[in-house]
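S.K.: please find the sequence and the predicted model below.
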Amino acid sequence: MVQLIVTPETALADEPICIRATGLNPFQVVTFTASLTDEKGKLFQSRAFYKANEAGNVDLDQAAALGGDYVGVHPMGLFWSLKPVNPFRRLLKQDVMNSPFYIQLDIFDSLLLEDSPKIHPKASQMIERWFSGPGLQRIPVRNGRVRGAFFLPPGEGPFPGVIDLFGGIGGLIEFRASLLASHGFGVLALAYFAYEDLPRSLLEVDLEYFEEAANMLLHHPQIQRSGIGVISVCKGAEIGLAMAIHLEQVAATICINGTNAVHETPCKYRDLVISPIPHQKEYTQIHVSGALNFRRIKGDPRDEVNQQSVLPVEKARGHILFIVGEKDECLNSKAYAEQAMEQLKSHGRSNGTLLSYPGAGHLIEPPYSPLCFASWNPFLSRPFLWGGDIRSHAAAQEHSWREIQKFLRCHLAPSRSKL
Amino acid sequence: RELTLNLSLRIIQIRVTGLLPSQLIMLQASLTDERGELFQSQVFYKADENGEVDLEHAGALGGDYVGIHPMGLFWSMKPKKMLSRLLKRDVINSPFLVHLSVYDITKPFSSSPDSLMASETVERWYSTPGVQRIQLKEGRVRGALFLPPGDGPFPGVIDLFGGIGGLVEFRASLLASHGFATLALAYFAYDDLPKNLDVIDIEYFEEAADILLRHPKVLGPSIGIVSVSRGAQIGMAMATFLKQVAATVCINGVFLAEQVVIKYRNEKFFSFSQHLERLRINELGLLAFYSAVGNPQEEANKHGLLPVERAEGHILFIVGEKDYSVNSKIHAEQVMEQLRRHGKNNATLLSYPGAGHLIEPPYSPLCVASMNPFIPRPVLWGGETIPHAEAQEHSWKEILKPSYSEVLHFSPVSPG
């Protein structure tokens, strides 16, 4: 009798699990599939073809996939290679507290390219992937101008405080904040446009809004007083870098695939206004899939005419971790991060670290998140290209998530005096 | 503005005048195919100091291609509905109508409507006036014969397409427009032919070759073959077994009898070398077959190898290095090696970096993936837009080269 053994069946979405099949015929070719229906009813699937060993077993910790959505030994491959059945949909958990993603794992005793109502799996297992750990609290935030959701771990604390910023699609994205909080951080998922009563579109970045959020976080009774961290991606990372420079409350900043200058929207803080490098959309390229590649629309921060838009990273007091995907098709993140590192060096600063991942794309997320290569964008009529090679992207996500937590624990340690 | 008649192979000149210096414009080409599917390309240019954009000299800044590409608007068109393939069905009576438009662009890809400044319509035909199409239904043979205008006689060519089956005629009609009497030959999923391709019986193709050679307007004693994909496998087999074949063009073929038995008279070739478990699915869910097809160098596949050293005519291999459906390079190289080992040097290999599987006549848009009626998921053909377009232009010239036709003992009539 064929059995599919999965341990654990319920876990945090960033935790690996063990998948094993037994009771097969020796050397039989089998298909493993994973299926997930997201909160909007959209189906995501992955499949891989394996050959059972002489004992009729397949252990994904040891066996190499021969083909399908990935090849080689990848115990979590079925998760990070999930693809939408209708292309260009992005997998994004909305409700991070009350429900998990339910993933059905199936094993078929033949090569199955497509689902068929006539062919049934030999064994199935439903598993749960949660974006919040037990005891985690979610507190909606509507304080002053600040809008977002605050995630507090169980226990007394005090916990290191972190602000989580996403990018140009706006709204409020919570899944990374809730996962990070499940690892012992007090995390504020902060919205800054296209959410509730915030501006509908991003016309300017007012750092005083982010300072209000930082102070709010620091004054929470269960948050450490010594300084906060920022984890940010894309446009959020441009803002994160500006926060690191101008806000003394920020002790540690993670910039994922961001820029080292102000682009498209002016950035202001009190009396200071930084004018942006305008986007030049005529340099948009159209990928073979029809998706838009914006990588070349941002001007070069090294051009004479753009100097006043470059962020003075050498003024940041805390530590900065730049995380870069070399196959980022949204922007040339590697060049921007390298320029920032160079700028630190030329000013005798050593508070920057660069982690550059070959093959990783723009949307570097917590581990086992499927690669979103391109997706529909609410502001564009065509899909938007993010880039990335599936396997390298998955490896980058696993490695960077560990580094992110290490970095935050190191630089937000309570023993450190206020910077 | 008047309509301009053009064979789809002709280069057309596009120039925009009357703009402001450095004005940003968008050029767009649109085509609706015979099924009502829309294909479009969009490119951004900046006018020069004279307020002109001449595609012979101006470099596109962005859009469906970048750089100087006078015919780029044609070969960079993409289907609005993903996975559609542009394929002209009626090659005699109607052209593709391509609408070229110029838009004033202040903000590319913004939600505000762009303002149309000028437009033109261009006709792209797949046959020159005077090319005749004759439906062929003789013996077992099914297809369409395209005769150039005039009395002839003309060198004869058999044109073979691939695994989509049916009858694809547009390349045959273009070859006829270049002076070749071309038989677009169907071999499965057409008329009363078998629905599936299980056996490739070269005697069927021999029958077709003999019918072609018997035609009063076809110059003998031998014919040429232009073949792609599964058709190229057949073309290679024809070159191997049939004395009537003097010149064969094989585009991105697999020359191993895998999946299907190849037979000729009392000889059979087959090796069970297909490994479907090695199929790969790419980041957009498209199916790449190349690793599932057996490697011709493997010992296990030797019974599937064709005795290519028996081929007496010349063979031209055309290979796209970014072909994701078959590893055409290793298959072509294996045949070249086998010929060399037998002391023959009657083959040439043209290998194009960046080109995909569907290498077609010039200015055909790159089809990077499409649905195949026999396969449940969309198939990834591969290719990068600009190198693929260049490969199409270069390889077509090679196919038509006088030295090739000389092998057929005739020089082609130039198109009208």
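M.R.: Done, it's in.

S.K.: the helices in the stretch 1-150 of chain B, which residues?
M.R.: Counting by DSSP state H, counting those that start in this stretch, the segments of the stretch 1-150 of chain B that form helices are B:72-75.

S.K.: how many residues are close by residue A:250?
M.R.: Burial measure for residue A:250: 27 neighbouring residues, criterion other CB atoms under 10 Å in any protein chain shown. C-betas here are computed from N, CA, C, even on glycine.

S.K.: so it bridges to which residues?
M.R.: Residue A:250 forms beta bridges with residue A:228, as assigned by DSSP bridges.

S.K.: do the same with residue B:316
M.R.: The partner residues for residue B:316, given DSSP bridges, come to residue B:249, residue B:348.

S.K.: how about the residue most central in space within chain A, nearest residue that isn't a chain neighbour?
M.R.: Centroid check for chain A by CA atoms, centre = their mean gives residue A:365 as the closest residue, at 2.2 Å. Once flanking residues are discounted, residue A:365 sits nearest to residue A:397: 6.0 Å by CB to CB, 6 or more residues apart in numbering or on different chains.

S.K.: tell me what the helix or strand that contains the one you found is packed against?
M.R.: Per DSSP states H and E: residue A:397 is located in helix A:390-411. Helix A:390-411 sits against helix A:77-80, strand A:228-233, strand A:250-256, strand A:319-325, strand A:352-357, with contacts defined as 3 or more CB pairs under 8 Å, 6 or more residues apart in numbering or on different chains; DSSP states H and E.

S.K.: swap in 6 Å and give it another go.
M.R.: strand A:250-256, strand A:319-325 (3 or more CB pairs under 6 Å, 6 or more residues apart in numbering or on different chains; DSSP states H and E).

S.K.: most tightly surrounded among those?
M.R.: strand A:250-256 (a mean of 29; mean count of other CB atoms under 10 Å in any protein chain shown).

S.K.: what does the stretch 101-250 of chain B have sitting close to chain A?
M.R.: By CB under 6 Å from any CB of the partner chain, the residues of the stretch 101-250 of chain B that approach chain A are B:108-109.

S.K.: which stretches in the stretch 101-250 of chain B count as strands?
M.R.: Counting by DSSP state E, counting those that start in this stretch, the stretch 101-250 of chain B has strands at residues B:115-124, B:132-138, B:141-147, B:154-160, B:181-185, B:199-201, B:218-228, B:245-251.

S.K.: which of those has the lowest average pLDDT?
M.R.: Among the strands of the stretch 101-250 of chain B, strand B:115-124 carries the lowest mean pLDDT, a mean of 91.

S.K.: can you verify my assumption that residue A:330 contacts residue A:363?
M.R.: No: applying CB atoms under 6 Å, one finds residue A:330 not in contact with residue A:363, separated by 8.4 Å.

S.K.: between these two, what contacts are shared?
M.R.: Contact with both residue A:330 and residue A:363 is made by residues residue A:386, according to CB atoms under 6 Å, 6 or more residues apart in numbering or on different chains.

S.K.: show me where the stretch 251-400 of chain B has strands.
M.R.: Per DSSP E, counting those that start in this stretch, the stretch 251-400 of chain B carries strands over the ranges B:261-264, B:267-269, B:280-281, B:287-288, B:314-320, B:347-352, B:369-370, B:379-380.

S.K.: before we move on, back to that, let me have the strands of the stretch 101-250 of chain B in JSON lines, extended by mean neighbour count and distance to residue A:47.
M.R.: Below are the strands of the stretch 101-250 of chain B laid out as JSON lines (neighbours: other CB atoms under 10 Å in any protein chain shown; distance: least, CB to CB, whole Å):
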{"stretch": "strand B:115-124", "mean neighbour count": "15", "distance to residue A:47": "41"}
{"stretch": "strand B:132-138", "mean neighbour count": "14", "distance to residue A:47": "44"}
{"stretch": "strand B:141-147", "mean neighbour count": "23", "distance to residue A:47": "38"}
{"stretch": "strand B:154-160", "mean neighbour count": "28", "distance to residue A:47": "34"}
{"stretch": "strand B:181-185", "mean neighbour count": "28", "distance to residue A:47": "37"}
{"stretch": "strand B:199-201", "mean neighbour count": "18", "distance to residue A:47": "31"}
{"stretch": "strand B:218-228", "mean neighbour count": "23", "distance to residue A:47": "30"}
{"stretch": "strand B:245-251", "mean neighbour count": "27", "distance to residue A:47": "31"}
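
S.K.: most tightly surrounded among the strands of the stretch 251-400 of chain B?
M.R.: Among those, highest average neighbours (mean count of other CB under 10 Å) belong to strand B:314-320, with a mean of 25.

S.K.: can you tell me what sits against it?
M.R.: Against strand B:314-320 from outside (CB under 6 Å, 6+ apart): B:239, B:247-252, B:328-329, B:332, B:346-352, B:355-357, B:359, B:395, B:407.

S.K.: again, but for stretch B:365-372
M.R.: Residues outside stretch B:365-372 that contact it (CB under 6 Å, 6+ apart): A:288, B:75, B:77, B:83, B:85-86, B:286, B:358, B:378-381, B:383, B:385, B:388.
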